[in-house]
Every structure is written in C-alpha cells, then in structure tokens.
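Q: Give me the fold of what follows.
(3 chains)
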Amino acid sequence: MLNAIIPLLLDSLASAALIFFAAVGLTLVFSVLRVLNVAHGSLYSIGGYVAASICLFIASRQLNPYLSFAALLFSAVFVAAIFGPLIERSLVRWTYGKSEPVQILVTFGLFLILEDLQRMIFGVQSFYEDAPMRLLGTLTIGGVVYLNYQILLIGMALLVVIGLRLLINHTRLGRLITAVVTDREMAQSIGIDTNRIFILAFSLGVFLAALGGALATPTSGIAPGLGADTMVLAFAVAAIGGLGQIEGAAVASLIVGVARVLAIYLVPSLDAVAPYAAMLVVLLIRPYGLFGSMTARRI
Amino acid sequence: MAFKGISIVVARCLSSLELLFGLHRGLSQANLRLVADGLAGALAIGVAAATPAAAQEKPGSLGLGIFTFTSGPAAAYGMPGKNAADLIIEEINAKGGIEGVPVRATYVDEAQGAQGVIAEYRRLAADAQNQVMVAALSSANCLALAPLAEQLEVPTVGWNCDTHQLLIDGKRKYVFRPNGNTVPEFIAYAIYLLDRKPDVKTVAIINPDYAFGHDAAKIFTAALKALKPDVEIVAELYPKLGSPNYQTEISRLATARPDVVFSNLWGADLENFVRQAAPRGIFTSSQVILALGETVLQRVPLPDGVIVGVLGDGWWMSPDAKANPETAKFAERYKARFGEYPVFPSIKMANTLIYVKAAYKAAMQKNGGKWPTRAELADAMKGSKVATLTGTAQTRADNDGLVDQIVGVTVKTSGQQFPVIGDMVRYKGESLMPQAGQDPFAWISTLKPEFAKSLPKPGSYK
Amino acid sequence: MRTIFATLAVLILAVLPVAAPWLQFVLTLAIAKGFAALGVAVLLRAGLISIGHAMFFAASAYGVAFLARAGIHDFGLLLILSVLAGALVGAVAGSFLVRYRAIFFAMLNLAVSMVFYALCAKLYSVTGGTDGMPVPVPAVFGIVFAEPVFKNVLFYLSLGLMVLVGVSVQRYLNSPLGHALSAVHTNEIRLEYLGIPVWAVLLIAYVISAALAGLGGAIAGFAIGRVVPDFAFWTASGHLVLIAVLGGIGGVPGAFIGALFLELLHSAAVTVTDSWNLIVGITLIVVIMFMPQGVYGLFARREVSSL
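A: A predicted model of the protein is given here:
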C-alpha cells in the first residue's frame, strides 16, 4: 500500500510544482493590477525558449554545464526586464479602470502577437535541453526512479510561496503593494507612486511566468502551442485558488496536480479532463475560488 | 488555433480571382461564348471549376499538393518528409520532370488542424493544374480527406496514412496507399517480440491519444493475445498528442513493472518521452518497443536492445537499400543537405513520389502518350507494382499497399556515431495482411503460434 | 437607406461565389462564425464577456454528427435539433452562470467550455477523440445532392438564415427584453428595483446566444464535413469575442461584418505572410483603443454623414 502511495504523492507534488509556477504570476498580477493577463502563458513559453536557447548555447560552447542553472534564473530575469515594463507601459496601463471585456481583449491581442513573435524568433521546431536534469541525477523511492530535478522543483515552488509572502508582509515594497491593493485611490493620495508599483508588480508577474517556463524546460519539450495550453491551466489554478490569492494558487496547484496524477493512475483516459473538472467542481461550490472573495482584493 | 485553420481556407480570394482568369484561358471556344451570356456563363465557370477540364495536352507544370507537419511537435517527423520531397522533386526536375513536365509542389502544414487542412485541400483541388495530392501525414487528416478525394475525384496518395480504417470498405477509387497499414506494421512487432522474448507476461502501452495510437494498441494487443493468450496488459496510457511532459506517465509505467513497454509515440513526443524515460530507468527495467524509434536514432541516445522498426521497409541502411545505388546516392545527398541521414518518413515520402512518377508513366503508356486526366492517373495506380528505394510497393485491388516490414533492435556499430538497427527481420508484406475486404481483427484472432513459426526469425535479414 | 445598404451587401455576398467559386466555402464559414459572434455580442450588451462560447458552437456541430450517426439525414431536422441541443446546453450552463458578473462570468464560461473540450478530446470511443467525427452530406427537403451542389445549397441557406435570424435578433434587441440587457450593464440594481428579474433577462439572453453559436457551429460542421474538439478550444472562444468586438457590438450586422472583415483580411494576409496572429492581434488592439465602435462603426458613421 505504502509502495503505491509514495509515488502517487511524489508525482502529485512534482506535477503541482510545475503547475504552480505557471499560475502564481497570473494571480499575483491580478491581485495588484486587477487585470487578468491572457498573455501570461506566452510569457511562460518565452521564458522556456530563452532558457533552452541559453542552455543549448552553453552546451555548444562546452562551458561548465552547471552554468545552465544560472541560465534558467537569468533567462527569467531577462524576460521580465524586457517584457515587464514594456507591456505594462504600452498596453496594460491603458486598460486600468476599463471594463473586463476590454482588459481581456487587449491582453488576448497581446497573446496573439506574442505567439507569432515566438514563431518568428524561435521557429516552429520543438526545443529540448535537459542538461540541468541530467546533472542532478536520480534517486529511487518506493522502487520508482525519480529525478532529483523534480525534487528541486518542489523545493523551488515552496521557496516562491514563502518568498512572496515575506516580500509582501515584511518589506517596504510589500507594504506599498498591499496599500495599493487595498485602496488604490487612498494610496495615491498619500503619495505612493502607484505607477512604479504597477510596473514592479507586473514585471514580478512576468518574472514568475518566465521562471516557470525556464524551470520546466529541463524536463519537458517546448513547442508552439505551449503558451495556449499553459494559459488555460494557469486560469484553472488561479480560479480554484481564488483570483489574486498566492497561497490559494499553491493549494489549487496541489488539487490540480493530485487530480491529474490520480487520473493517470486510475482512469488514464480522463487525464486531460481532470484539471478542468476539478476547477468546475470547486467553482460550482465556491464561485470565487477557495480563498477568494467577491471583490478579490486581498493579496 | 482551430479558427486560424478555418480562416486559412478562407483567404486567398486573391488566388480565386487568378483561378477565374486561369479558367478563362483554359475554356474552349464554346464555353467562351457562354461567358458572354452573362450569368449563365458565370455559372458555367463555376461548374467548370468544380469538375476539372480534361487536359490532354501536357501542361506547363504539374502541381502536387503535399501535406505534412511543418510546425509544432509533429514537425520533428513531418520535416524529414518535406525535406525528402524537396530533394526528390529537385532530382525529378533536373531530369526534365515527370514525362517532360516539371513538378511544382505546394506544401500544406497539417499542424493547422483538420479544418484548415480540408480547406487547403479544397483550394488546391479547385486548381486543375494540381493533379495529385500527396496527403497526408496524420491518419486523422487522411481519414478526413479521403471522402473529399472521392467527392472531388482527385487522386490522393497517402504518403504516411497508415490507419487500416482508411481503405477498409474497399470502395475508394481515388485514395491510394503505397505503404503498409497499421495491421501488418503492428503485428510485426508482436511476432518479433515473441520471437525475441518468448516468456513475456506483462505489457504496458503508452501511445498518442488519437486513431493511430488506439488502433496500434488494439492490433498489437490482439496479435499478442492470439499468439500468446496469457499475456496481460497492465497499463494503457494515451497522453495527448504533443504533450511536452511525461513524468507522471513514466512513474505510472514504473509502478506497473511490466516486462514490456510498447509505444508508438512519434515526432517530438517520442524524443521527449525517450529523454525523460531513459534517466528514470524505464529502458533497463523493461524491454521497450518504440515502433517509430528509427526516427530518433540520430537525435537522442537510445540504449542498446530497444526494439525499433520503420513501419514498412524504409530503412536506408537495410541490405536491400544498400544494394540500390539510387538509395545510397539519395541518403548521401540528404545527409549533405540536411545534416542527418534520411529517417523512414523521408523514405516514405521519397517512395511515394516515385510511385506517383511511375503512375504517370503507366498512364501515358496506356492512353498512347497523351497527358492523363485525374481519373486516368488513378486508374494507373490501381494494381500497380512499383520498385522503390527500399523494396517494392504493390497496390492491391482495394488500393491498399503491400510493403515488407523490417523490425530489429538498436545496436552500436563502429560505422556510425548513432545506434543502428541490428538483428533484423524482413517480413513479406502479404504475409501479415488480411485479404482485401476481410475484417482485420477477425483475421488476427485466427492467428496461431504456428503462423509465427512459419515466418522468418530475428537476425535472418542480413 | 439602411435597408438599401443591407440588401445591397447581401446581394453582393450572394453573387460573389458565382464569380469566384472558391469564395463560397470561405463565405459560408464567415457567416457561421458571424452567427456565433452575434451570440457573444448579445451577452456583451449586458457587459458580460464569455470566453467559452465555442463550446456551444462545438456542441451543435457534434450534435449534427451524433444525430447523423443515429440515422437522421434531413438537413432541416438536423439543423433544428442541433441548434436546440446548443440551446439546451446553454440553458443548463446558463442557469447557474448568469449569476456571476465580470471576470468570474468569463472564467466560469472558460471552465465549462474547457471541460467540454477535454471530454470531446479524451472520450475516444464516443467522440472519436481528437480525430473528431464526420458530418455527412444530408438530404435537403428530401433531395440528396452531390457534395459540391450541397455546399452551394448550404451557402444560400446560410445567407437566407443570416437575414432571417439577423432581423429576429435585431427585433429582440429592440424589445424591452433587449433593452433590459443594456440596463444590466449600466445599473443592475436599479433594474431590480424596477421589479425586472435580472436573472431571467440574462438567462434568456444566454440561451439565445448559445442557440446562435450553435447555429453557427452546425453550419460550420456541414461546410467542413467534420467536427473536431478544437472547435471548442479556448482560443476559438477568444476569436469569437474578437470578431464581435471587431464588428462592433452595437448592431446585428456588426458581427457578420466583423467575421467577413476578418476572413478577407486573412485572405490578403496569407499570401504575403505567415504571421496572421500578429496582424489580428495588432488589429484587435488598435480597434479597441481607437475605434470603440468597431469596424461597423465606420459604416454607421459614413451612413450618418451621407444622410
């Protein structure tokens, strides 16, 4: 019995970690900017493409392979530094205070643009670079071989949850963000530079998306269409956890991860249905998500 | 994505205008007079467009619609096909074309989905210059296009349409498959496996979630059960086509601890699966069968002893292929141009174009040197027997192809940096095919262990 | 003036395929998408954005395929039953979805449609999985046409339906029920104080919009000859909203103009570039930012000035 449960648990955690990285940036951006960024999935896949490109470069120049770990992190920072301010300044800013249809459509337009840009820059072939995964080796639990990299991902996801909480509760920037989230007008009137907060928060969201894509590359291929698939999964997680709830996203990732893994073990024909079915069940019971409220303002 | 597909169809009103004017030129005097009659004339053009004119004079160029995946995860399999087509068409045109007519290919990306593919097919078929469609790679698209080919009466040659459902009713007039189908392809693996590992008890299957994956699993399972009734299928997984991550599936396979893992994943999916499964010990704990494994030999490091094959006879290093100077030349030119040797999708495409070329030759011989119509061309394909780069493709009365099946295991050699196929067997195409019109599963269930004994053994093809 | 303009437009549409036969398929699909976009536009009137309407589009198309498999071969019957199927799915989903507003409405629609999509894609033995299901050529009023002829018949029937349904929807939007939609958008609470059951107003709108999407899906299914799960993927829903917004949500013709505009733009684009999504994305953003009335707004304004 134990032999069956341990792999199930580990698989669920590993799968939840990947899902969490895809979703956390989306929910963070929504909590601060109150904009649902439909292009989030594209930023995730761009992060993956950049990371894979850099890792392939490292491999082709036969540099120290451990550099590829730095490359994963660097590519996320790189994507965030370029796309974060650019998108917030040019497009997202324009939608503040506009209705949801407008916000969704503008970011949907951005999604379409980014999908084609990726094709132009990275081509249409599948990308694959597994150096970081191979470097870390494997371990055997309950008779099943796991990648140490999968365990590392679980740790990274936990770090991100704790890190974001610390950032928000215990730093000056975090308090400013909280102030803006709680009452935008009031924050502005007491002299908080909300524009700067918005740029920072949006870039942080882009960073998390790109980081998710970068961390996923060593164990999965990247190809056109990944952005669209990631997007809808991120939606599901954010909706289950409650839009704007970081811990909510973590719990929701676990739920989706467990649902998917259980499906693969027990009813493999329904594996792709599981995440959405879980979302539907949760939303039918709690339409604003597990941790969400009608206004979805709390962070 | 789907809607992009629909839209692609749409498009090209520009080209339809060209079509209109092109037809003016092609119409006879009588029809031209009709044109002057206004609406009636316009209607005639509409009809003329729907039923391509019987052009008995040699056209300026011969249009081919070639359908393959040129983007997305499936492009890893589709591009080698396109590369081979480029190369072969170049070769044909360098020698003056097919019967003196230069060939011009229009490529259609199947990644746009069934709707877009259907739309593109219609658009290409509406142009009378496009006489033949080489379609398609995905069996889903093949099944979607087949009724269309019959309705529009366009000879359509499946270069990679392996699903046995395609020609099962035996009524197709315009759809051809100069390939084996899924039945012989996957029976071959069952027989080879039992020859190599007679004590197999448990099997796990991981196939892509569409007709090809499901059909292959059904055929492979049915053949195994017929030849060795105590075999048990302990897990059946069907991940979505194009899945990037197989970690959970790999855990599931590992916990099932099967003697054999069978997979007909392909394209980037197969590369992803191999890269993810190898470090997690799947290849050491189970005998793995990768039905389309030859396509990744040059790309991912496959361990020794994996059962792989080429879904037909299209292995460029097979004894027959090596004996054919054309094939050797093709392989070297391919390597020089694209940086790797042809994989079996390349060979399938090349063989298909050779098949089309042969059909033109036969059709023109039959009608006294005149350029054939679409119908005459289809007629020439029926029952034909064509020498290909790697063997022969014989077309039966039901338009299905008889092609030998090569299966083997991966081995390292000093000759190449990548593993090659060793311990090979070459099953005769007709020996693994049910008769035309016979239900394949009824036929498989009649197979007895004696049947397998009568076939050549692993290692016999040298 | 307005009527003349509309009549002229429909006549041009009717003649186009005669001149350029290839356009017939294109236009049939444009009209099909126009129906679905009109459905989305009806809800947009109430300020509700659905990123899930491709589900009804797909539900009807699958309805046709299933009914045909069950032995029904009459075009009219297939069309009516499948649209009813779309409406029924709409009534079930709508009965709880219309309780939500704003982003939650959008997300719940997405959730439901993705469950539908995943089921269509995964239930291989029922729906054929990602291979989809064939939609055979039906008999029209008892006559079985050859495939090319049927496609002509389908086009002209769709064109007729476009006018008929378009006029009906216009009437609906001009009725108190339709005006109540805009009122929900402006001030829902005031509407409730007036004693108007907002829930019922929205449910009716939702069912109508689902039926419209279903009608589009059924036509698309007939035109393409096959229905695949991609019909219901979320990007397809996104494109429906996009068409509605491009056309301008103001009037019924907007949805169809949006669909035609998009298809024609595409035809121009495909010959020169692969980057179709890029063009649509930029167009969408430009239209939203600078032409809130949509492309239809251009026509409407010109019409005003010509008066």
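Q: do stretch C:196-212 and chain A meet?
A: No: between stretch C:196-212 and chain A, judged by Cβ under 8 Å from any Cβ of the partner chain, nothing touches; the nearest distance is 14.2 Å. In this view, the C-beta of every residue, glycine as well, is placed from N, C-alpha and C.
Q: Which positions in that stretch come out as buried?
A: Using 16 or more other Cβ atoms under 10 Å in any protein chain shown as the test for burial, stretch C:196-212 gives C:196, C:198, C:201-212.
Q: Would you reformat the residues you listed as TSV and include pLDDT and secondary structure?
A: Formatted as TSV, the buried residues of stretch C:196-212 follow (pLDDT from 0 to 100; DSSP: H, G, I helix; E, B strand; the rest coil):
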residue	pLDDT	secondary structure
C:196	79	coil
C:198	78	helix
C:201	86	helix
C:202	88	helix
C:203	91	helix
C:204	91	helix
C:205	92	helix
C:206	93	helix
C:207	95	helix
C:208	94	helix
C:209	94	helix
C:210	95	helix
C:211	95	helix
C:212	94	helix
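Q: between those, which is nearest chain A?
A: Of all those, residue C:209 has the smallest distance to chain A: 14.2 Å, by Cβ to the nearest Cβ.
Q: which residue packs closest to the closest one, ignoring adjacent ones?
A: Nearest non-adjacent residue to residue C:209, counting by Cβ to Cβ, 6 or more residues apart in numbering or on different chains: residue C:39, 3.6 Å away.
Q: can you pull out the strands in the chain?
A: No chain in the question, so chain A it is. A:138-141, A:144-147 (DSSP state E).
Q: hmm, I had chain C in mind actually
A: C:133-134, C:139-140, C:143-144, C:226-227.
Q: swap in the stretch 51-200 of chain B?
A: In the stretch 51-200 of chain B, the strands defined using DSSP state E, counting those that start in this stretch lie at B:62-68, B:103-109, B:130-134, B:156-157, B:175-176.
Q: and the residue nearest the centre of chain B, what is it in contact with?
A: With distances taken as Cα atoms, centre = their mean, residue B:160 lies nearest the centre of chain B, 0.7 Å away. For residue B:160, the contact set (Cβ atoms under 8 Å, 6 or more residues apart in numbering or on different chains) comprises B:68, B:81, B:136, B:137, B:138, B:179, B:345, B:348, B:349.
Q: Check residue B:432 too.
A: By Cβ under 8 Å, 6+ apart, the contact set of residue B:432 is B:180, B:183, B:184, B:187, B:188, B:405.
Q: what's the closest of those to residue B:124?
A: Nearest to residue B:124 among the contacts of residue B:432, counting by Cβ to Cβ, is residue B:180 at 26.7 Å.
Q: follow-up on the earlier one: show me what contacts the residue nearest to residue C:209?
A: C:53, C:56, C:208, C:209, C:210, C:211, C:212, C:213, C:216, C:240.
Q: Now do the same contact list for the fourth one.
A: It stands for residue C:209. Each residue near residue C:209 by Cβ under 8 Å, 6+ apart is listed here: C:38, C:39, C:40, C:42, C:43, C:50, C:53, C:56, C:90.
Q: number of nearby residues for the fourth one?
A: A count of nearby residues for residue C:42, using other Cβ atoms under 10 Å in any protein chain shown, gives 28.
Q: Tell me the residues of the stretch 101-250 of chain C that contact chain B?
A: Residues of the stretch 101-250 of chain C lying close to chain B by Cβ under 8 Å from any Cβ are C:121-122, C:124, C:128-132, C:134, C:146-148, C:220, C:224-226, C:228, C:230-231, C:233, C:235-236, C:239.
Q: which regions of the chain sit below the pLDDT cut-off?
A: Defaulting to chain A. Applying pLDDT under 70 to chain A flags the ranges A:1-3, A:294-299.
Q: other chain: chain C
A: Checking chain C against pLDDT under 70 turns up C:1, C:22, C:249-250, C:267-274, C:292-307.
Q: let's see it at 50
A: C:301-307 (pLDDT under 50).
Q: Which stretches in the stretch 51-200 of chain C count as helices?
A: Taking DSSP state H, counting those that start in this stretch as the test, the helices found in the stretch 51-200 of chain C are C:54-69, C:75-97, C:102-122, C:124-127, C:147-174, C:176-193, C:198-224.
Q: could you check the angle helix C:75-97 makes with the fifth one?
A: Going by axes from the mean of the first three to the mean of the last three Cα atoms, to 10 degrees, helix C:147-174 is angled at 40 degrees with respect to helix C:75-97.
Q: Same question for the first one.
A: Orientation note: helix C:54-69 sits at an angle of 140 degrees relative to helix C:75-97 (the same axes, to 10 degrees).
Q: State the helix or strand in which residue B:279 lies.
A: Assessed by DSSP states H and E, residue B:279 sits outside every helix and strand.
Q: Spatially nearest residue to it, not counting backbone neighbours?
A: Nearest one to residue B:279, counting by Cβ to Cβ, 6+ apart, is residue A:138 at 5.9 Å.
Q: Run through the residues that contact the one you found.
A: Contacts here follow Cβ under 8 Å, 6+ apart; on that basis residue A:138 touches A:145, A:146, A:147, A:148, B:279, B:280, B:281.
Q: And it, how close does it get to residue A:151?
A: 10 Å (Cβ to Cβ, to the nearest Å).
Q: Kindly report the same for residue B:319.
A: Distance from residue B:319 to residue A:151, by Cβ to Cβ: 48 Å.
Q: between these two, which one's more packed in?
A: residue A:151 (18 against 12).
Q: returning to that earlier point: now flag whichever of the contacts of residue C:39 is closest to chain B.
A: In terms of Cβ to the nearest Cβ, no member of those lies closer to chain B than residue C:240, at 8.0 Å.
Q: show me what contacts the closest one?
A: Residue C:240 neighbours (Cβ under 8 Å, 6+ apart): C:33, C:36, C:37, C:39, C:40, C:53, C:54, C:57, C:213.
Q: Output the below-cut-off pLDDT ranges for chain B.
A: Ranges of chain B meeting pLDDT under 50: B:1-55.
Q: If we use 80, what do you get?
A: B:1-57, B:71-73, B:112-116, B:119, B:170 (pLDDT under 80).
Q: How is it divided into domains?
A: Annotated domains of chain B cover B:2-44+B:57-180+B:343-401, B:182-311+B:404-453 [automatic domain parsing].
Q: Spatially, what comes nearest to residue B:286 if we skip its sequence neighbours?
A: Nearest to residue B:286 is residue B:261, by Cβ to Cβ, 6+ apart, at 4.6 Å.
Q: What about residue C:119, how many residues nearby?
A: By other Cβ under 10 Å, the residues close to residue C:119 number 18.
Q: Likewise for residue B:153?
A: 17.
Q: list the contacts for it?
A: B:51, B:173, B:174, B:374, B:375, B:378.
Q: Okay, the third one and residue B:375: tell me how far apart.
A: Read it as residue B:174. On the measure of Cβ to Cβ, residue B:174 and residue B:375 end up 8 Å apart.
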